[in-house]
Every structure is written in structure tokens, then in C-alpha cells.
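Asker: Let's see this in three dimensions:
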Amino acid sequence: MKFKDECAKRDIYWNIINAEYIINKYKNLSIDKNHRQIIENILKDWIEIVVPLFSSLRQSIIHNDANDYYITVMDEVAVACAYIILNKQDPIDSATYLIRDYNQINQFEDIEIDLFYYFICARLAMSVTICAHQKQIQPDNHYLVISEKPAWDLLEKLTTIDTKFINQTFRSACTTSN
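Answerer: Take a look at the predicted model:
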């Protein structure tokens, strides 16, 4: 993507680049010990694996919900994956279809494919930690927690699957789609 515009560089709450800050800020709000450990592991991987590679990732002005903000190209697909694989028996298989099909139109770079798992988990971690915060502010607003349980169920499932297997599955899907 060669388009550049200074106006596109805006800081917004849900920007995945803010994952470390958002997750750290809310991770201790009414989250049980097992869930806190999941969040800590996601955060550790994010800081150690993803953050050092940010400057290597292609940028886009689309952001998550098709708003005009500056974010990584692959985050759009990772966010879509995070939500379409909620409540799925085989979340990796479901995510693989979306990643493969998108790759047929706009090919991912190798580094992007290798980071999908971490982006999906970080988005879900942001979702559940922000939800914990929102529940404290508006405890009667059920809309704010609509995807909380499915997100936790998915995080529990994803963190039991070997990351290398997930990365290889995504990579294989992108290789065969070209």
C-alpha cells in the first residue's frame, strides 16, 4: 500500500497497536485467575513477538470496522477472523477459509501470515478486558458484554492449540490459494 496521508495517523481506542496499553490497563478488572493467566500469556507473546515487528508490517488507512484510521493491513482480516470464529467447533478451520480467500485477492506477506494468531488473540484479549471495564461503568448494559463469554471460550480453546500448527495451517492455505 503506497498511499500515505498524515491525517490518517490518528490514535483510536480499538487500534491493535494499543493492545499492550489497553490490555494492561484493564486486565485485573474482575477477571478470574485462569483468565488472567491467558491474558498474561497473550500479552507476553504480543510484547515479545509482535511489537518488535510493527515497523515491518504494511499499513492501511482502514481500521477494523471500515473506519478511516491508520492500522496494519492484516489487522482487518484478523479482526474479522476473531469474530467469525466465535462459537465455532473448529475455529482454526473457519479462520483459514477467510485468510485463504482474502489472500487470493490481496496476498499477505510471510510475516503477516505468521502473526495472524497473535493479532486474533490480542483483539480478543482487548475485547474481554475492555468488556470488564465497561461492565463496571454500565453494569446493566447487556449489549456491552454480548460477545464476552464466546470470546473467553474462544481464547481458552485457541491457547490450547499449538501455535506452530496454527501458523503452518494459515501459511499452507495462503500458499495453495496463489
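Asker: ok now do the residue lying closest to Arg100 once chain neighbours are set aside, which residues does it touch?
Answerer: Spatial nearest neighbour of Arg100, chain neighbours left out: Ala173 (3.8 Å); criterion: CB to CB, 6 or more residues apart in numbering. Every C-beta, even on glycine, is put in place using the N, C-alpha and C of the backbone. Ala173 makes contact with 96-97, 99-100, 103, according to CB atoms under 8 Å, 6 or more residues apart in numbering.
Asker: And Cys121, by the same measure?
Answerer: Cys121 touches 42, 45-46, 155, 158-159, counting by CB under 8 Å, 6+ apart.
Asker: between those, which has the most around it?
Answerer: Ile42 (25 neighbours; other CB atoms under 10 Å).
Asker: The least confident helix or strand in the chain by mean pLDDT: what's the following helix or strand?
Answerer: Lowest by mean pLDDT, DSSP states H and E among the helices and strands of the chain is strand 67-72, with a mean of 46. Counting by DSSP states H and E, the next helix or strand C-terminal to strand 67-72 is helix 73-84.
Asker: Please identify the buried residues of that next one?
Answerer: For helix 73-84, a neighbour-count test (16 or more other CB atoms under 10 Å) marks 73-83 as buried.
Asker: What ranges does this protein have for its strands?
Answerer: 59-63, 67-72 (DSSP state E).
Asker: circling back to that earlier point, of the contacts of Ala173, buried ones?
Answerer: For these, buried by 16+ other CB under 10 Å: 96, 99-100, 103.
Asker: mind listing what the closest residue to Ser127 other than its chain neighbours touches?
Answerer: Nearest residue to Ser127, sequence neighbours excluded (CB to CB, 6+ apart): Ala151, at 5.1 Å. Contacts for Ala151 were tallied using CB under 8 Å, 6+ apart; they are 82, 86, 124, 127-128, 131.
Asker: measure the residue nearest to Arg100 to Arg123 for me?
Answerer: As for Ala173, its distance to Arg123 is 19 Å (criterion: CB to CB, to the nearest Å).
Asker: most remote residue from the chain's center?
Answerer: Asp140 (26.8 Å; CA atoms, centre = their mean).
Asker: which parts of the longest helix anywhere in the chain are buried?
Answerer: Longest helix of the chain, by residue count under DSSP state H: helix 110-137. For helix 110-137, burial by neighbour count (16+ other CB under 10 Å) applies to 112-135.
Asker: which stretches of the protein have low pLDDT?
Answerer: Applying pLDDT under 70 to the chain flags the ranges 1-11, 30, 60-72, 177-178.
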